[in-house]
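Chemist: Below: sequence and its predicted model.
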Amino acid sequence: MTSYLKLLQRAIHQHRIQSGLIRKWPNLSIEQHVIIKGDINNISLGKNVIIQSGTVLHLGGLVWCKNAGHLRIGDDSCISPNCTIYGTGPDGITIGDRFDCGPGVRIFSSRTDYESFSRSALFAPVVIGDDVILYSNVVIGPGVSIGNRAVIAAGSVITRDIPSDCLAGGTPCKFIRAINRRG
């Protein structure tokens with residue numbers, strides 16, 4: 001009975017958070033089973049953002065992330081199902097307009113300091129430009145910038161900056177070729 005009560009309390013809490021987001025951003029489309037952790041004041045959403053089912057958004061504001069977090073998602077952006085976005089730490093994650101995010105993408109502005117005995121977290125901002133496309137199961141580590149109009153191949157692991165107007169992919173992710181846009 002206790003576990004059922006805890007599940008019900010979590011569901012009510014998540015419903016209140018989602019309702020608050022929709023009141024603040026009426027053009028937001030947020031599906032069921034989106035989990036939002038941390039301080040709700042650490043999120044900023046553009047117009048017409050879509051967040052699909054199974055996504056986890058961590059907004060920081062907890063002790064382990066120095067009570068800090070930041071997540072900004074620009075206009076006309078889509079977060080596909082089952083993504084994880086950890087906008088923890090002082091600078092968090094900034095995502096530009098018209099972001100196209102495939103299913104299973106993972107974006108982290110923090111990682112565990114494996115060289116420290118305390119296993120504390122290290123933080124570095126993630127900045128994603130406008131018109132970026134991430135295909136399914138891309139992983140982005142802390143401290144990475146992705147330029148405008150970059151396209152990242154499925155399954156890539158990004159540990160370094162990616163320039164604008166390019167196709168990149170692999171593990172680790174590397175520049176493949178420039179993209180010349182057709183008008």
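Modeler: Perfect, I can see it now.
Chemist: D100 and P172: what is the separation?
Modeler: D100 sits 22 Å away from P172, going by Cβ to Cβ, to the nearest Å. Every residue, glycine included, has its C-beta placed from N, CA and C.
Chemist: Compare the two (neighbour count), which wins?
Modeler: D100 (15 against 11; other Cβ atoms under 10 Å).
Chemist: For beta bridges, what are the partners of the more buried one?
Modeler: C78, I133 (DSSP bridges).
Chemist: quick one: it from N82, how far?
Modeler: Taken as Cβ to Cβ, the span from D100 to N82 is 15 Å.
Chemist: and what of V144?
Modeler: For V144, the distance to N82 - Cβ to Cβ - is 21 Å.
Chemist: Would you mark the buried spots in stretch 18-31?
Modeler: Going by neighbour count (16 or more other Cβ atoms under 10 Å), the buried part of stretch 18-31 is 18, 21, 25, 28, 30.
Chemist: Determine which two of these are furthest apart.
Modeler: Between any two of the buried residues of stretch 18-31, the greatest separation by Cβ to Cβ is 10.9 Å, found for Q18 and W25.
Chemist: any weak-confidence spans in this structure?
Modeler: 1, 183 (pLDDT under 70).
Chemist: and with 80 instead?
Modeler: In the predicted model of the chain, residues 1-2, 4, 7, 10-11, 13-15, 66, 116-119, 181-183 satisfy pLDDT under 80.
Chemist: which SS class is the residue nearest the centre of it?
Modeler: The centre of the chain sits closest to I85, judged by Cα atoms, centre = their mean, with a distance of 3.1 Å. Following DSSP: H, G, I helix; E, B strand; the rest coil, the label given to I85 is strand.
Chemist: tally of neighbours for the residue nearest to it when sequence neighbours are not counted?
Modeler: Computed as Cβ to Cβ, 6 or more residues apart in numbering, the closest residue to I85 that is not its neighbour in sequence is I107, at 4.7 Å. By the measure other Cβ under 10 Å, the count of residues near I107 is 25.
Chemist: Return the residues in contact with I107.
Modeler: 83-86, 93, 126, 128, 139-140 (Cβ atoms under 8 Å, 6 or more residues apart in numbering).
Chemist: Let me know the next secondary structure element after the helix or strand encompassing it.
Modeler: I107 belongs to strand 106-108 when assigned by DSSP states H and E. Remark: after strand 106-108, the chain's next helix or strand is strand 110-112, criterion DSSP H and E.
Chemist: give me every residue that touches A68.
Modeler: 42, 60-61, 88-90, 92, 123.
Chemist: Likewise for N42?
Modeler: Taking Cβ under 8 Å, 6+ apart, one finds 59-61, 68-71, 87, 92 in contact with N42.
Chemist: Show only the entries of these found in helices.
Modeler: Among the contacts of N42, no residue falls in helices (DSSP state H).
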